[in-house]
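Visitor: have a look; sequence and predicted model below, questions after that.
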Amino acid sequence: MNRLIDGLAPLLGRVLITLLFVPSGLHKLGTYQETVGHIAHQGLPLPMLGYVIAVVAELPLALLLLIGLWTRPIAALLALYTLATALFFHNHLAEQAQAVNFFKNLAITGGLLFAVAHGAGLWSIDRVLTRRR
């Protein structure tokens, strides 16, 4: 039973986190001008670079997390990205929706930090690669 939980819980965690990032990244692919404009509206420098960072974080990095490849460094990068989005895009805590998104992003960051600390679990490519060594 413990082995089942040790395999299933981290896998489900990775799947659920990926469900948040991938649709958002796909949406950004189709809304380049809107996304760059939103980043610029927040007063951030280099909005086109911000767009690239967002798409890379939300698509390839999230998919690497999903399959459990290089989980610890990928989760660390995604944690930094998610924390930055909370601080730069959801920092109007007087507005209820912004406050909810701010704390949601903090919770996601916490889950990603858990993956940094504990890795991908038994059912991951990281585990397969570790066994081969």
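Guide: Now that the structure is in, tell me what you want to look at. Residues are numbered from 1 along each chain as shown.
Visitor: low-confidence ranges in the protein?
Guide: For the chain, the stretches with pLDDT under 70 are 133.
Visitor: for it, which residue occupies the most central location?
Guide: Leu78 (4.2 Å; C-alpha atoms, centre = their mean).
Visitor: now for the spatially closest residue to that residue that is not a sequence neighbour, how many residues are close by?
Guide: Excluding the flanking residues, the one nearest Leu78 by C-beta to C-beta, 6 or more residues apart in numbering is Leu112, at 5.2 Å. Placement of C-beta: from N, CA and C, glycine included. A total of 24 residues lie near Leu112 under the criterion other C-beta atoms under 10 Å.
Visitor: Val128 versus Leu112, what's the distance?
Guide: Using C-beta to C-beta, to the nearest Å, we find Leu112 at a distance of 22 Å from Val128.
Visitor: for the longest helix along the chain, packing partners?
Guide: Counting by DSSP state H, the longest helix found in the chain is helix 2-30. Helices and strands in packing contact with helix 2-30 are listed as helix 47-56, helix 62-67, helix 71-89, helix 96-118; criterion 3 or more C-beta pairs under 8 Å, 6 or more residues apart in numbering; DSSP states H and E.
Visitor: which residues touch stretch 17-27?
Guide: 54-55, 57-59, 61-63, 65-66, 78, 108, 111-112, 115 (C-beta atoms under 8 Å, 6 or more residues apart in numbering).
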